[in-house]
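Student: coordinates only, sequence not included:
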C-alpha cells in the first residue's frame, strides 16, 4: 500500500523537493501551500512522472484556523496520512522594534502555531494507530543563542527544535518517530523573501534544496532525532567554536552577518 505524505509549504523550494522525493519512492501526497496554480502544476507533474495520487489543499497557514481546516478536510476525505512533513516557514530580517506586528505574528503563526497544531493532531492519530513519521523543519538558527536582526525567526526555530526533541523522547516505543531537520544555507528564494539578499549570511545559502530534502527525508525514514544538513566548511568550523565563545561575541557576529 502506498504511503501518504502531507507536506506543508510544498509549492516550491524545500517542500517541492520533499514532494518529488516521496513521489519518486512511490508514495501518494497531500500538498499544502497558498498558491493554487503552483500546487496544481506540481500535482500534474508528479502524477504524470511517478504514477502517484496527489491531493491539492490550498491554505494560508498564517490564519489561526488553518491547521484545524487542514486536519478536518483530511478526515472528511478519509485520507490516511502516514508521514507529516511540517516544512512551511516564514523568515524576515530587520530590527524587531521596526518590523510590523503583522510580520512577526504571521511568522509565529506559520513557524510555531500551525506546526504545533498539526503535530499534535496527527501525532495523536499516529500513536493510537501505532505507526507514523513526523519531520519538522527547523534551522541551524536553533543552534545559536539568539538571532539579532532575525530575532523572531531564531526564537521560532529554537522552539521547533526543542518541541520536536521533547516529543522524540516521549514517543519512544509507540511505533511513531519524530525527526528534526536543521538545514544550513539553501538557495531556495528564502533570502529574497526574508529580505536577506544583501547580507553576508545570504552568500552562504548555496546548497540545492534537493540535497537537503534528501538528507531530511532519509533521516525521517530512519527515525533519527535530528539531522543537520549542508554546512560550508567555514560554517562547520564556526559552529564547532560556538559552545566555547561568549554569548556577546556570538550575537555581535550574527548581527554583522545579518544586518
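Tutor: Arrived safely. Being a predicted model, the structure only gives us computed values, none of them experimental.
Student: what about the strands in the chain?
Tutor: Per DSSP state E, the chain carries strands over the ranges 4-8, 28-33, 54-58, 83-86, 132-137, 176-183, 226-229.
Student: I'd like those as TSV, with mean neighbour count appended.
Tutor: C-beta: built from backbone N, CA, C; applies to glycine. As requested, these are exported to TSV (neighbours: other CB atoms under 10 Å):
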stretch	mean neighbour count
strand 4-8	25
strand 28-33	26
strand 54-58	18
strand 83-86	28
strand 132-137	25
strand 176-183	26
strand 226-229	18
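Student: tabulate those (TSV), appending distance to residue 257 and mean pLDDT.
Tutor: Conversion of the strands of the chain to TSV gives the following (distance: least, CB to CB, whole Å; pLDDT from 0 to 100):
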stretch	distance to residue 257	mean pLDDT
strand 4-8	28	98
strand 28-33	29	98
strand 54-58	35	98
strand 83-86	27	98
strand 132-137	21	98
strand 176-183	17	97
strand 226-229	18	94
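Student: residue 45: which of the ones you listed is closest?
Tutor: Among the strands of the chain, the nearest to residue 45 by CB to CB is strand 54-58 (9.0 Å).
Student: tell me which strands the closest one pairs with, and in which orientation.
Tutor: Based on DSSP bridges, the pairing partners of strand 54-58 within the sheet are strand 28-33 (parallel).
Student: got a list of contacts for the strand it pairs with?
Tutor: 2-12, 15, 19, 22-23, 39, 42-43, 46, 52-59, 61, 70, 74, 79, 81, 88 (CB atoms under 8 Å, 6 or more residues apart in numbering).
Student: kindly report the same for stretch 165-172.
Tutor: Contacts made with stretch 165-172 from outside it, assessed by CB under 8 Å, 6+ apart, are listed as 119, 123, 127, 134, 177-180, 225-226.
Student: can we see that at 6 Å?
Tutor: For stretch 165-172, the surrounding residues in contact (CB atoms under 6 Å, 6 or more residues apart in numbering) are 178, 225.
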